[in-house]
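S.K.: Predicted model follows, preceded by the sequence.
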Amino acid sequence: MIDIKFLRENPDVVKENIKKKFQDNKLPLVDEVIELDKKARETQMEADNLRSERNKISKEIGALMAQGKKDEAMEKKALVAEGASRLAELEAAEVELQEKITKIMMTIPNIIDPSVPIGKDDSCNVEIQKYGEPVVPDFEIPYHTEIMEKFNGIDLDAARRVAGNGFYYLMGDIARLHSAVITYARDFMINRGFTYCVPPFMIRSNVVTGVMSFAEMEAMMYKIEGEDLYLIGTSEHSMIGKFIDQIIPEEQLPQTLTSYSPCFRKEKGAHGLEERGVYRIHQFEKQEMVVICKPEDSMMWYDKLWQNTVDLFRSLDIPVRTLECCSGDLADLKVKSCDVEAWSPRQKKYFEVGSCSNLGDAQARRLKIRVNGENGKYLAHTLNNTVVAPPRMLIAFLENNLQADGSVRIPEVLQPYMGGMKEIR
């Protein structure tokens, strides 16, 4: 969410940004919110004047009563009563106007970074760099669930009977591999100076609306019936929410956290569920990284975050590339974002395994996360990035480490987490 003062003073900049994101239907909202803001400030001014006048008259009433001028005092009291009725109307109008302004401001997209490529959708995303040599072996690589089934490592049929589509049972060495990757990713981030955290897996609605757009909320979040609680779609939600309504001393920045959580997603919309595989599902686990920092440091941290994911995948011998997200592919709160994609030897192309985002002060503004600095208080910047998210990571891992005899090689860094196993047979 952008600053209303910035919008008021730079409406053309905001409109141009909306055009860059190909959301022209939102252009009228800029003028609408400016008009509402004008009315809100006029209403507040009139209310403040009435409050000032009320205080002044109240003092006069006290003085008149002290002088024994009761009749004059009663006339003044009638003025106060008359003003009180009008003040109540104005205060109700203030609340209504502010609610309308907030609702609109939460749908106007954040100002994107000048370096973001302009494009309508993800087909316009731009490859930045490749890491590692993509290899297509001279033997056929089966579909990922077929590889898992050969190890008796997955049971989709049982999961459908228990919970429906979008769920799975992982079994045996495949389940162990899943946990090993998560644990390795945790230690990888701890070794890079991040503090490990296991957050709440449910959050309140004020945190949900603080960390994501209404459209994302509707498409992703599961609500707990009868309670003001939602299941998290990623631990970023509760990790950023940890700082809601907080004033952080500047010397305590940056806050660098890495968190484990299960994630729950509706997966509504164009993508939908993947019934046969485990690429897009309702439930998965994830290791995340989150940074709260000073505004001038956020782009430096952005580069560090996506590099962490690249380095982790390369340590597991998985080729990856980074893809700069274009303007039309950015969620409304994001200033800049890139995807990390892993190589799929079976498909002979890359696919998304993580996403790194700089949200500027948008989440901090919604959640009132402030920093107490030398020159006063200011809003923090927030960033997040996927360290690793099985089972997508398992797809990349199994395809890139599958051997001709059907066994799966275990990279050296992961062997201690697999009880010393060098391969799965």
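M.R.: Nice, I can see it. Residues are numbered from 1 along each chain as shown.

S.K.: in the host helix or strand of residue 157, what counts as buried?
M.R.: Following DSSP states H and E, one finds residue 157 within helix 156-163. For helix 156-163, burial by neighbour count (16 or more other Cβ atoms under 10 Å) applies to 156, 159. C-betas here are computed from N, CA, C, even on glycine.

S.K.: Which helix or strand lies directly C-terminal to the lowest-mean-pLDDT helix or strand in the chain?
M.R.: Sorted by mean pLDDT, DSSP states H and E, the helices and strands of the chain end with helix 214-220, the least confident at a mean of 77. Next helix or strand after helix 214-220 toward the C-terminus (DSSP H and E): strand 222-223.

S.K.: coming back round to it: just the CA atoms of the helix holding residue 157, as PDB, please.
M.R.: Output of helix 156-163 as PDB, limited to C-alpha atoms (Å, rounded to 0.1, in the frame of the first residue of the first chain):
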ATOM      1  CA  LEU A 156      -2.000 -40.600  -4.000                       C
ATOM      2  CA  ASP A 157      -4.900 -42.900  -4.000                       C
ATOM      3  CA  ALA A 158      -5.000 -43.300  -0.200                       C
ATOM      4  CA  ALA A 159      -4.700 -39.500   0.100                       C
ATOM      5  CA  ARG A 160      -7.700 -39.000  -2.200                       C
ATOM      6  CA  ARG A 161      -9.700 -41.300   0.000                       C
ATOM      7  CA  VAL A 162      -8.800 -39.500   3.100                       C
ATOM      8  CA  ALA A 163      -8.700 -35.800   2.000                       C
END
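
S.K.: now stretch 393-402: how far from the chain's centre is it?
M.R.: Averaging C-alpha positions (Cα atoms, centre = their mean, to the nearest Å) puts stretch 393-402 27 Å from its chain's average.

S.K.: can you list contacts of that stretch?
M.R.: Applying Cβ atoms under 8 Å, 6 or more residues apart in numbering, the contact partners of stretch 393-402 are 135, 137, 141, 144, 147-148, 174, 177-178, 181, 277-279, 313, 316-319, 342-346, 351, 353, 408-411.

S.K.: circling back to that earlier point, can you name the element that comes right after the helix holding residue 157?
M.R.: Following helix 156-163 in sequence order, the next helix or strand is strand 169-170 (DSSP H and E).

S.K.: list the helices and strands the host helix or strand of residue 186 packs on?
M.R.: Using DSSP H and E, the element containing residue 186 is helix 172-190. Where contact means 3 or more Cβ pairs under 8 Å, 6 or more residues apart in numbering; DSSP states H and E, helix 172-190 is packed against strand 195-197, strand 255-264, strand 283-293, helix 298-315, strand 381-388, helix 392-401, strand 423-424.

S.K.: now, of those, which is deepest in the fold?
M.R.: Each of the helices and strands packed on helix 172-190 was scored by mean neighbour count; the highest is strand 381-388, a mean of 27, by mean count of other Cβ atoms under 10 Å.

S.K.: Flag the shaky bits of the chain, pLDDT-wise.
M.R.: Per-residue confidence for the chain (pLDDT under 70) gives these ranges: 60-61, 63-64, 70-71, 73-83, 268-275.

S.K.: Run the angle between the helix holding residue 157 and strand 283-293 for me.
M.R.: For helix 156-163 against strand 283-293, the angle by axes from the mean of the first three to the mean of the last three Cα atoms, to 10 degrees is 80 degrees.

S.K.: Run the chain-centre distance for helix 156-163.
M.R.: Taking mean C-alpha positions (Cα atoms, centre = their mean), helix 156-163 and its chain are 30 Å apart.

S.K.: which strands and helices sit next to that helix?
M.R.: Secondary-structure packing of helix 156-163 (3+ Cβ pairs under 8 Å, 6+ apart): strand 169-170.

S.K.: Taking the contacts of stretch 393-402, please make a PyMOL selection of just the buried ones.
M.R.: Buried residues within the contacts of stretch 393-402, by 16+ other Cβ under 10 Å, are selected in PyMOL with:
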select buried, resi 141+144+147+148+174+177+178+181+277+278+279+313+316+317+318+319+342+343+344+345+346+353+408+410+411
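
S.K.: Please report the distance of residue 102 from residue 41.
M.R.: 15 Å (Cβ to Cβ, to the nearest Å).

S.K.: circling back to that earlier point, tell me the buried residues in the least confident helix or strand of the chain?
M.R.: Buried residues in helix 214-220 (16+ other Cβ under 10 Å): 217, 219, 220.

S.K.: ok, residues contacting that helix?
M.R.: For helix 214-220, using Cβ under 8 Å, 6+ apart, the contacting residues are 106-107, 208-209, 212, 233, 265-269, 331-332.

S.K.: any chance of those in CSV, plus secondary structure?
M.R.: Formatted as CSV, these follow (DSSP: H, G, I helix; E, B strand; the rest coil):
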residue, secondary structure
106, coil
107, coil
208, helix
209, helix
212, coil
233, coil
265, coil
266, coil
267, coil
268, coil
269, coil
331, coil
332, coil
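
S.K.: ok but residue 85 is inside a helix, no?
M.R.: Yes - under three-state DSSP, residue 85 falls within a helix.

S.K.: Distance check, it against residue 62.
M.R.: Per Cβ to Cβ, residue 85 is found 22 Å from residue 62.

S.K.: Please identify which of these two sits among more neighbours.
M.R.: residue 62 (12 against 8; other Cβ atoms under 10 Å).

S.K.: what's the neighbour count on residue 28?
M.R.: 10.

S.K.: same check, this time on residue 113
M.R.: Applying other Cβ under 10 Å, we find 17 residues neighbouring residue 113.

S.K.: Next, count neighbours for residue 11.
M.R.: By the criterion of other Cβ under 10 Å, residue 11 has 14 neighbours.

S.K.: got it, and the one 5 residues further on?
M.R.: Residue 16 has 13 neighbouring residues, counting by other Cβ under 10 Å.
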